[in-house]
Each structure stands twice: as C-alpha cells, then as structure tokens.
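Colleague: This is the structure alone, sequence omitted:
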Ligand SMILES: Nc1ncnc2c1ncn2[C@@H]1O[C@H](COP(=O)(O)OP(=O)(O)OP(=O)(O)O)[C@@H](O)[C@H]1O
Ligand SMILES: [Mg+2]
C-alpha cells in the first residue's frame with residue numbers, strides 16, 4: 001500500500017466512524033489523499049463512498065474520528081469558517097444535478113453570484129470561458145430539462161470548477177452516460193486537471209474510467225480503506241477484494257449482501 005506518511009496532505013481522514021441508526025457505514029476509515037492528483041474511490045454500492053465525500057466537504061459530522069482539510073479539523077472550525085472553507089471545494093454530487101429552474105448560464109454563475117462580489121460583466125467572462133471549456137457555449141441559455149444527460153454532467157462540471165477550487169469531488173460523474181460520452185467526460189476531467197491543478201476525488205463504478213483517469217486508486221469496503229496506491233499498483237493488487245472488484249468478477253469475498 002502507498003506510504004501514508006507523516007507529510008501533511010490537504011485532505012486527511014482519520015479513524016472516521018459514521019452510523020445511521022444501527023447501521024455502521026464508516027468503521028474507522030483512514031485516508032490521506034495525495035495532493036494535486038486524481039484519486040478514484042472504488043467500492044460496492046452502499047459502502048459509504050458518498051457518505052465519505054459528504055464528510056470531506058463538511059456536510060456530515062463524524063460520530064468519531066476527524067477529517068482535516070488544509071491542516072484543520074473541519075469540525076473544530078466555527079460554522080462561518082467551515083462555510084468559507086467550502087468555497088475551496090468544487091463538488092458534483094451524485095444526485096445533485098443542476099437547479100432545474102435556472103438556465104445553464106445562471107447555474108454556472110450561481111456560485112460566483114453567491115460567494116463573490118464580482119460584477120455581472122466579470123461573471124459573464126468567467127461563465128462563458130467555463131462553458132466553452134466544456135463545449136456548452138451554445139447551450140448557455142437552455143434549461144437543464146432540455147439537455148441530454150452528458151450535457152447536464154458537463155454543465156455540472158463547469159459549475160463545480162467556476163470558483164477555481166483547490167479540491168474537486170465528483171460522485172459518479174459518468175453514471176447514466178454511454179461509453180463514448182464517458183470517455184469524452186474523462187478526457188475533459190484530465191484536461192481540466194492538467195490546466196487548473198487541484199486535488200481531485202472521483203467516485204466511480206466504471207473500471208475503465210478508474211484506469212484511464214486516476215493517478216491513485218482508493219478501495220473502500222465494509223467501512224474501511226482496503227487499498228490506496230498508484231493506479232497501476234491497484235490493478236496488480238494481490239488483495240482478494242481489490243482483485244475481484246477491479247475484474248468485476250462474481251467469485252471472491254464480495255457477494256450480493
Ligand atoms: N443521510 C442518511 N441517513 C440514513 N442513511 C444514510 C444516509 N446517507 C447514507 N445512508 C446510508 O449509508 C449507506 C452508504 O451510503 P452511500 O450513499 O455512501 O453509499 P455509496 O457507497 O455511495 O453507494 P453507491 O455506489 O450506490 O452510490 C447506505 O446504506 C445508505 O442508505
Ligand atoms: Mg454514492
């Protein structure tokens with residue numbers, strides 16, 4: 001496993017526990033994300049990947065353990081400080097699509113209008129630049145409901161990046177996309193990361209995506225981290241769970257339960 005040494009990381013998850021009712025979702029998860037790299041988080045459905053992302057952005061509070069971002073335990077911060085910290089994140093949630101009542105332009109402009117005092121002219125320049133990066137200038141004034149799934153993902157991506165975030169998290173950006181659009185979205189993720197940098201965390205069930213996009217792979221199972229390391233290493237892992245998951249095999253420790 002990749003050395004999780006003492007060096008400071010922008011995102012450190014330590015002994016994270018979270019239960020809902022009597023279901024223990026996270027059971028002592030430890031993970032220091034490598035800075036300025038793309039890490040994919042893999043794991044079976046219901047294993048707590050989305051719950052993990054919500055802890056990192058400070059939307060859920062740990063039952064035990066902590067998440068520190070830029071060296072600060074986020075729940076030791078005041079609510080105002082946490083709010084300010086969140087501006088450094090760009091997040092595309094699994095279920096959090098665009099605001100249906102706003103066109104694409106207003107969706108992407110929303111964080112700038114909410115969190116900055118930029119003029120509408122400055123906002124227009126930034127929004128149109130972001131939309132051109134994701135190939136959506138022509139769709140700027142369309143309502144989300146009239147776009148294809150792939151266009152909505154790209155619009156969500158533009159919105160997630162509009163504040164120049166230091167940390168970008170995508171929860172299954174490729175769900176519901178065909179293989180070609182998934183590939184195009186992956187290229188876009190790589191291109192944006194190369195241009196803007198930042199620590200990216202990507203949750204996906206798509207193994208080709210994990211292989212082509214990520215620098216590091218984190219595998220989560222039964223509430224714990226079972227593997228973290230460079231992508232090639234993960235694909236050569238001897239761990240039974242990691243092997244089964246990356247191969248999509250039915251035989252192995254992981255069953256339907
Ligand atoms: N706010 C909540 N209240 C109660 N239970 C929750 C809540 N959020 C998540 N859970 C439960 O925690 C477990 C982990 O959920 P989570 O959404 O993190 O899974 P996941 O790994 O992201 O799965 P998938 O790959 O299907 O998206 C699930 O059993 C889910 O029902
Ligand atoms: Mg999820």
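Modeller: Received it, and whenever you're ready, just let me know what you need. What you are looking at is a predicted structure, and each value in this text was computed from that prediction instead of being measured. Ligands and ions are numbered 1, 2, ... in the order given.

Colleague: Domains in this structure, by residue range?
Modeller: 11-88+165-247, 100-164 (automatic domain parsing).

Colleague: starting at the chain centroid, how far to the last one?
Modeller: Spelled out, it's domain 100-164. Relative to its chain's centre, domain 100-164 lies at 18 Å (C-alpha atoms, centre = their mean, to the nearest Å).

Colleague: With mean neighbour count as added columns, please give the domains of the chain in TSV.
Modeller: Where you see a C-beta, it was placed from the backbone N, CA and C, and this is true even at glycine. Listed next are the domains of the chain as TSV, based on neighbours: other C-beta atoms under 10 Å:
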stretch	mean neighbour count
domain 11-88+165-247	18
domain 100-164	17
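
Colleague: So residue 217 belongs to a helix, correct?
Modeller: No: applying DSSP: H, G, I helix; E, B strand; the rest coil, one finds residue 217 to be strand, outside a helix.

Colleague: which residues touch it?
Modeller: Applying C-beta atoms under 8 Å, 6 or more residues apart in numbering to residue 217 gives the contacts 39, 40, 42, 210, 227, 228, 229, 230, 231, 233, 234.

Colleague: Strands of the chain, residue ranges please.
Modeller: 11-20, 23-32, 38-42, 64-69, 72-73, 89-92, 167-171, 199-203, 216-221, 224-230 (DSSP state E).

Colleague: now those strands in a markdown table, with distance to ligand 2 and mean pLDDT?
Modeller: Shown next, in a markdown table, are these (distance: least, C-beta to the ion, whole Å; pLDDT from 0 to 100):
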| stretch | distance to ligand 2 | mean pLDDT |
| --- | --- | --- |
| strand 11-20 | 14 | 97 |
| strand 23-32 | 11 | 96 |
| strand 38-42 | 10 | 96 |
| strand 64-69 | 17 | 96 |
| strand 72-73 | 24 | 94 |
| strand 89-92 | 12 | 90 |
| strand 167-171 | 6 | 94 |
| strand 199-203 | 6 | 96 |
| strand 216-221 | 11 | 94 |
| strand 224-230 | 16 | 93 |
